[in-house]
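K.L.:
I would like to see how this sequence folds:
(chains A, B, C and D)
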Number of protein chains: 2
Amino acid sequence: MITIYDVAAKASVSAMTVSRVINNTGKISEKTKTKVMRVMEELGYVPNQTARSLVLQQTKLLFLLITDIMNPFYTTLARGAEDAAKRSGYRLLFGNSDESIEKEADYITTILTTRVDGVLVAPAGDPSLPHLESLRKHKVPFVLLDREVPGIECDIVLGDSKEGARMLVEHLVAHGHRSIAMVNGSSSISSARLRMQGYQEGMKLNDLNVDNRYVFETSFGTMTDLSEMEQWIGHMDPPPTAMIAGNNVLAVEAMKLLRDRGIRVPEDMSIVCFDDLGPYSELDPFLTVAAQQAYQFGYMGMQMLIERIQERETTVPWKKIVLPADLMIRRSVKDIRKHS
Amino acid sequence: MITIYDVAAKASVSAMTVSRVINNTGKISEKTKTKVMRVMEELGYVPNQTARSLVLQQTKLLFLLITDIMNPFYTTLARGAEDAAKRSGYRLLFGNSDESIEKEADYITTILTTRVDGVLVAPAGDPSLPHLESLRKHKVPFVLLDREVPGIECDIVLGDSKEGARMLVEHLVAHGHRSIAMVNGSSSISSARLRMQGYQEGMKLNDLNVDNRYVFETSFGTMTDLSEMEQWIGHMDPPPTAMIAGNNVLAVEAMKLLRDRGIRVPEDMSIVCFDDLGPYSELDPFLTVAAQQAYQFGYMGMQMLIERIQERETTVPWKKIVLPADLMIRRSVKDIRKHS
DNA sequence: TAATTTAATGTTATCGATAACATTATTATA
DNA sequence: TATAATAATGTTATCGATAACATTAAATTA
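P.N.:
Residues are numbered from 1 along each chain as shown, chains lettered A, B, ... in the order given. Below is the predicted model of the structure:
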């Protein structure tokens, strides 16, 4: 491997001079600069980031930990994070916890040993607390995405889950629905809890009662076992006229199960959900969704992280950004009002 | 930051002894081992991977470079690669070139400076050649995914693009279609070229002629400008009865454009494509596809890469794995045969 | 021209770990 | 008990870069 010393020797200068040329620091004469650059070119020299990181005590690496790489919400978010990282000269490492606390634990270890400069993390849920405490203890700056974790204070980018869910209820009610079910992710996840609250509040505001048999809790993740959900969908009697899904994955899965039973969307059942489907929003039944600004989650989160890293002051208060959800009305809700 | 020396001091041993405990090498007495482990625990010591990488001359980091993080083919592939990497104790860095040679160049620089142990790369196209030559020159082992690059010999995992395309033609012909269009990715990408060849051969085998007005070339990537494609779709006269898309993204985009013009799938136009839609294959129009084994691409590619890294012999010949495409017949093709 | 800046380059120590060799402690054998 | 063998631990050099300080060369000023 070509090192800075090989370059130095061939250019008949010291390693330090080469270093100065590379980093454009200090004073170097035009002549030696040109000579060194030519030699670097000739030898195909590439600086060793590992050695650099060791002495500089920074890796210029950031880490993005998401919970479901198959979910367009997170891939879009990843694009945003990537763009923001690149703009500031950081490179991005990346991991996928699959909504599992155990896999998340592995990644936390990786993060600590890799000495990344900072972490963007969508936590698997409330049990992520010890992981975050571990990051805090080792002074690794981090920003949470999408989910709060009780017990930890930090920078965070959130969606307005409660208001979004209320909005979805209102939309259904406005189209005449009064019997509305809810499939949601685990209640150990803050966004799921808030969506549930928004659903309940929305129902109450419209004098509708929340029937627990119409509420089902499972996992937000792709590739989850669907048998229990299938049971639930088949056993609601009488069936609701509409359903809210806690995220896009659940909506698509619910739809699949409904179709298996010969129930059509939206003719026999209306469905709305949180999060858009990315490029697949164009596929029938054209889901009506409370779209979250996935790209912004990643981009703004990354900006906050980088600011925090570059911050010398440790006294700056934690920042919290709440992004509104945007109702995209498409075609998965049937109007069942009795028109006058 | 807690270093190995802090641990050594507190445990009243040398750094080397601590190192031996960490790596479980050499001989250490039970007593000191326990003591050192307790001290590490107490101090919350985590080894510095950067320092370790510098002396060991390996990072235990691998890099996966894909061309479209929004495409379920690549996210599924990424899952496979991640699983295989983890099984062998490697961590995975990740980048998204967005089908752009320029962004790819940036990532190549990152890869070289980061001194990763190996790279899995889905090249942006034939112009990726210098990037691969650069990896080769710096002795970074790599495995190509999905696309060949003329001029470079290496390990590679491919899909059987030509046969897959022929299969799609056959399927359409079997349903009475004789006027079949093709939207494809750039011909500077080997898989796109082979799919085009498969299409042409399939047509000839059925005594159908390939009308160039029915063939359109654009980019495989999500978020590409669609105006030219829109033009093309609107100007085919007479319109074909069926269309083959070079990948899933193009199929979805084509469908969107068709719908904008009031053309229904499959009633007015049949569509088939390469690559499945992941979780979104359940959304109408239930695309009939030549599904590639995306997860296997990632998993097997990663295995080949790791074998190559651990290989001491440099004489082992390059390996080439060709995975067959699997025809998933769903509902996007209309049967237009005149039944007897 | 000598003295003083300032520009240009070099030397040494360091980051945190481990390899290779060195030493000391312990046990087994003669 | 002396000696060899082995177990346990320690010391030093090294990976490739850069910071901090040191030195030399060139330019400026008195």
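K.L.:
so what touches the helix or strand that contains A:Arg38?
P.N.:
Applying DSSP states H and E as the criterion places A:Arg38 in helix A:30-43. Applying Cβ atoms under 8 Å, 6 or more residues apart in numbering or on different chains, the set of residues contacting helix A:30-43 from outside is A:Ile2, A:Asp6, A:Val7, A:Lys10, A:Ala11, A:Val13, A:Thr17, A:Val18, A:Val21, A:Ile22, A:Ile28, A:Tyr45. The way it works is simple: take the backbone N, C-alpha and C, and place the C-beta from them, glycine included.
K.L.:
identify the farthest-apart pair in those residues.
P.N.:
Spanning the widest gap among the contacts of helix A:30-43 are A:Ile2 and A:Ile28, at 20.2 Å by Cβ to Cβ.
K.L.:
helices of chain A, start to end?
P.N.:
For chain A, the helices defined by DSSP state H cover A:4-11, A:15-23, A:30-43, A:49-56, A:72-87, A:101-114, A:129-137, A:161-174, A:190-205, A:227-235, A:248-260, A:294-310.
K.L.:
now those helices as a markdown table including distance to B:Ala105, mean neighbour count and mean pLDDT?
P.N.:
As requested, those are exported to a markdown table (distance: least, Cβ to Cβ, whole Å; neighbours: other Cβ atoms under 10 Å in any protein chain shown; pLDDT from 0 to 100):
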| stretch | distance to B:Ala105 | mean neighbour count | mean pLDDT |
| --- | --- | --- | --- |
| helix A:4-11 | 22 | 18 | 95 |
| helix A:15-23 | 19 | 17 | 95 |
| helix A:30-43 | 16 | 14 | 94 |
| helix A:49-56 | 17 | 18 | 94 |
| helix A:72-87 | 13 | 23 | 93 |
| helix A:101-114 | 24 | 19 | 91 |
| helix A:129-137 | 33 | 16 | 96 |
| helix A:161-174 | 40 | 22 | 95 |
| helix A:190-205 | 38 | 20 | 97 |
| helix A:227-235 | 46 | 15 | 89 |
| helix A:248-260 | 34 | 22 | 90 |
| helix A:294-310 | 22 | 21 | 95 |
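K.L.:
save the ones you listed as a markdown table, and put in distance to B:Ile156 too.
P.N.:
Below are these laid out as a markdown table (distance: least, Cβ to Cβ, whole Å):
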| stretch | distance to B:Ile156 |
| --- | --- |
| helix A:4-11 | 32 |
| helix A:15-23 | 35 |
| helix A:30-43 | 29 |
| helix A:49-56 | 28 |
| helix A:72-87 | 25 |
| helix A:101-114 | 28 |
| helix A:129-137 | 38 |
| helix A:161-174 | 45 |
| helix A:190-205 | 42 |
| helix A:227-235 | 39 |
| helix A:248-260 | 33 |
| helix A:294-310 | 32 |
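K.L.:
any chance of the ones you listed in JSON lines with distance to DNA strand D as columns?
P.N.:
Shown next, in JSON lines, are the helices of chain A (distance: least, Cβ to the nearest atom of the strand, whole Å):
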{"stretch": "helix A:4-11", "distance to DNA strand D": "3"}
{"stretch": "helix A:15-23", "distance to DNA strand D": "3"}
{"stretch": "helix A:30-43", "distance to DNA strand D": "10"}
{"stretch": "helix A:49-56", "distance to DNA strand D": "3"}
{"stretch": "helix A:72-87", "distance to DNA strand D": "20"}
{"stretch": "helix A:101-114", "distance to DNA strand D": "16"}
{"stretch": "helix A:129-137", "distance to DNA strand D": "25"}
{"stretch": "helix A:161-174", "distance to DNA strand D": "44"}
{"stretch": "helix A:190-205", "distance to DNA strand D": "41"}
{"stretch": "helix A:227-235", "distance to DNA strand D": "53"}
{"stretch": "helix A:248-260", "distance to DNA strand D": "45"}
{"stretch": "helix A:294-310", "distance to DNA strand D": "16"}
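K.L.:
no further queries at this time; thank you.
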